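Student: Fold the following and give me the result.
(chains A and B)
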2 protein chains.
Amino acid sequence: MQIVIIGSGNVAYHLAKSFVLNNIPLAQIFGRNEQDLEKIGKELHIHYSIEKLEDADLYIICVSDNSLEDVSKIITKKDCLVAHTSGSLPKELLTGEYRKASFYPLQTFSKSKDLEYKKIPFFIETENEKDKELLFELASKISDNVMESSHEKRKYIHLTAVFACNFVNHLFSRAKEISDSQEIPFDYFLPIIDETIQKVHEIEPKLAQTGPAVRNDVRVLELHEQLLKDESLEIYKTMNHSIKKMYEL
Amino acid sequence: MQIVIIGSGNVAYHLAKSFVLNNIPLAQIFGRNEQDLEKIGKELHIHYSIEKLEDADLYIICVSDNSLEDVSKIITKKDCLVAHTSGSLPKELLTGEYRKASFYPLQTFSKSKDLEYKKIPFFIETENEKDKELLFELASKISDNVMESSHEKRKYIHLTAVFACNFVNHLFSRAKEISDSQEIPFDYFLPIIDETIQKVHEIEPKLAQTGPAVRNDVRVLELHEQLLKDESLEIYKTMNHSIKKMYEL
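Tutor: From the prediction side, this is the model:
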């Protein structure tokens, strides 16, 4: 089976790498950004091109949701399977006469950070059983955790991940902004961050909540508001309001 | 040296446990809640009382910020050191003629969850050098990470921890609420949560940001808003606004 990956971003890079590490041959990595493609191609020893899309049985499009529809149009072949890796968009957004699929890896991808691919949950949706088997077989070579998911469910999986990953990382950014402003090393906070995450593995997060808001510690809440401004103050108020609502304080 | 811990909550329990595990004798654990005290006393083999406060050289008050001032008044002895464990309040809030100190462990404490005490940063503030040495020596038996901190700095340490720990845990609660609503097992999200935390150990969080907001993926942002309501929608909007501001999108 000839496989082509389209894209040169974080997802394209890590998917290509996971294929190479599991001895799944890639016919090509195709994209617009020659510099990024060259870097990936050379590191992983994969053919790359910004001009001629190779003939393939399976195209996996790993581009941003904004570009997905347009990029999908460059595949003019009919007898092939085209899958995208978006968490939120339907497979029907792919525009062409080929068979369509969703191939969604639930993970946060940064190029500079190695990943344990075996643990990444993959969610698959296809038009027919044969394509489903094909993508299950492929994903199972990379991961121990391959499942089927409708578009409806996948949207909520992605949304949950935005809260549990993207927003969590942004809280770390805002936290570091606060500690940096007082020349407090952010390393001090790594044990408490690690413990917070160990807890979510063991205890229902609703039962593990600590801090001034869940204690309704008005004096501290007011003090903290005086120390904050702008977006961090808005986050502080919104999160505390949400905590109070959840615990009916 | 005679040491008494006052309080029967999560901090009192874990501090008492860390003392016992490091062979630091405790004269007593004192508090209002007899049931909780009895549980701690029996588990850790410490004398406990709700009536008679033992005579001691050092009292460590581990109660909520709201109760701290009142509780501190029960110590009528003068020739002793009294420390509190609050992240936000000044040592001067302690009301008595004794010497005052702050003894702040930067960690999130849940009774049902074991902790690696060696890694907990302790922040100490005293009135004089001798008390500082005493508390440093004590904390160093528990932890490898003992530091001095002014009240001014400690307030910001606590505030940073609220963002990096309390709010992160609340995001997990709201995330689980979303996945539960669609009968999606929350276990699916543990690998992406673990990766988010591994990243903060290795990469500046501002550089590690992923997700629809930092890509300014308007289509997905609008879709997600349609799936959310109430507090989760408010969090979604506030966090995305803050991400856009941080990256000047």
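
Student: Now do stretch A:96-107, average pLDDT.
Tutor: Here stretch A:96-107 scores 98 as its mean pLDDT.

Student: The biggest helix by length in chain A: how far from the chain's middle?
Tutor: Counting residues, the longest helix found in chain A (DSSP state H) is helix A:230-246. For helix A:230-246, the distance from its own C-alpha centre to the chain's C-alpha centre is 25 Å (C-alpha atoms, centre = their mean, to the nearest Å).

Student: do the same with stretch A:224-235
Tutor: The mean C-alpha position of stretch A:224-235 is separated from the chain mean by 29 Å, C-alpha atoms, centre = their mean.

Student: Distance check, the residue of chain A most remote from its centre against A:Gln2.
Tutor: No residue in chain A sits farther from the centre than A:Arg219, which is 38.9 Å out by C-alpha atoms, centre = their mean. According to C-beta to C-beta, to the nearest Å, A:Arg219 stands 66 Å off from A:Gln2. From N, CA and C alone the C-beta is placed, and that goes for glycine too.

Student: same question for stretch A:179-187, mean pLDDT?
Tutor: For stretch A:179-187, the per-residue pLDDT values average out at 97.

Student: So what touches it?
Tutor: Counting by C-beta atoms under 8 Å, 6 or more residues apart in numbering or on different chains, stretch A:179-187 makes contact with A:175-176, A:188-189, B:153, B:156-157, B:160, all of which sit outside it.

Student: Ends of it, what's the gap?
Tutor: The distance separating the two terminal residues of stretch A:179-187, taken as C-alpha to C-alpha, to the nearest Å, comes to 10 Å.

Student: what residues are up against A:Ser8?
Tutor: A:29, A:31-33, A:36-37, A:40.

Student: mind listing which of the residues you listed are in strands?
Tutor: A:Ile29 (DSSP state E).

Student: Doesn't A:Ile124 belong to a helix?
Tutor: No: secondary structure of A:Ile124, determined by DSSP: H, G, I helix; E, B strand; the rest coil: strand, with no helix assignment.

Student: What count of nearby residues applies to it?
Tutor: Applying the criterion other C-beta atoms under 10 Å in any protein chain shown, we find 22 residues in the vicinity of A:Ile124.

Student: For burial, what's the neighbour tally of the closest residue to it other than its chain neighbours?
Tutor: In this structure, A:Ile124 finds its nearest non-sequential neighbour in A:Leu135, 4.8 Å apart by C-beta to C-beta, 6 or more residues apart in numbering or on different chains. Neighbourhood size, A:Leu135 [other C-beta under 10 Å]: 23.

Student: Next: A:Asp70.
Tutor: The burial count assigned to A:Asp70 is 10, neighbours taken as other C-beta under 10 Å.

Student: Quickly note the distance from the residue nearest to A:Ile124 to chain B.
Tutor: Summarising the geometry, the distance separating A:Leu135 from chain B, computed by C-beta to the nearest C-beta, to the nearest Å, is 18 Å.

Student: and the angle from the strand ranked longest in chain A to strand A:122-126?
Tutor: Among the elements of type strand in chain A, defined by DSSP E, the one spanning the most residues is strand A:99-105. In terms of direction (axes from the mean of the first three to the mean of the last three C-alpha atoms, to 10 degrees), strand A:99-105 departs from strand A:122-126 by 170 degrees.

Student: hang on, isn't the residue nearest to A:Ile124 packed against A:Glu127?
Tutor: No: between A:Leu135 and A:Glu127 no contact is recorded; they are 11.1 Å apart, counting by C-beta atoms under 8 Å.

Student: Give me the common contacts of the two.
Tutor: Both A:Leu135 and A:Glu127 are contacted by A:Ala101, under the criterion C-beta under 8 Å, 6+ apart.

Student: Then the residue nearest to A:Ile124 would be within a helix, right?
Tutor: Yes: per three-state DSSP, A:Leu135 lies within a helix segment.

Student: Could you pull out the strands in chain A for me?
Tutor: Secondary structure of chain A, counting by DSSP E: strands at A:3-6, A:28-30, A:48-49, A:58-61, A:81-84, A:99-105, A:122-126, A:146-148.

Student: Give me the residues contacting the longest one.
Tutor: Counting contacts by C-beta under 8 Å, 6+ apart, the residues outside strand A:99-105 that touch it are A:11, A:15, A:60, A:80-87, A:90-92, A:94, A:120-128, A:131, A:135, A:139, A:143, A:149, A:151, A:154, A:157-158.

Student: what pLDDT does the closest residue in space to A:Ile243 that isn't next to it in sequence get?
Tutor: In space, and not counting its chain neighbours, A:Ile243 is closest to A:Ala213: 4.0 Å by C-beta to C-beta, 6+ apart. What the model reports for A:Ala213 is a pLDDT of 95.

Student: list the contacts for A:Ala213?
Tutor: Residues counted as contacts of A:Ala213 (C-beta under 8 Å, 6+ apart) are A:221, A:239-240, A:243-244, A:249, B:166, B:170.

Student: now, which of those residues sits nearest B:Ile24?
Tutor: When these are compared for distance to B:Ile24, the smallest value, 28.7 Å, is given by B:Asn166; criterion: C-beta to C-beta.

Student: neighbours around the nearest residue to the closest one once chain neighbours are set aside, how many?
Tutor: Counting by C-beta to C-beta, 6+ apart, the nearest residue to B:Asn166 once its immediate chain neighbours are dropped is A:Gly211, at 3.0 Å. Using other C-beta under 10 Å, A:Gly211 is surrounded by 23 other residues.

Student: so how far is B:Ala161 from A:Gly211?
Tutor: Distance check for A:Gly211 against B:Ala161: by C-beta to C-beta, it reads 8 Å.

Student: same question, A:Ser143
Tutor: A:Ser143 sits at a distance of 35 Å from B:Ala161 (criterion: C-beta to C-beta).

Student: Those two - which one has more neighbours?
Tutor: Taking neighbours as other C-beta under 10 Å, A:Ser143 and B:Ala161 compare with B:Ala161 leading, 25 against 22.

Student: Who are the contact partners of the more buried one?
Tutor: Contacts for B:Ala161 (C-beta under 8 Å, 6+ apart) come out as A:175, A:189, A:192, B:87, B:106, B:108.
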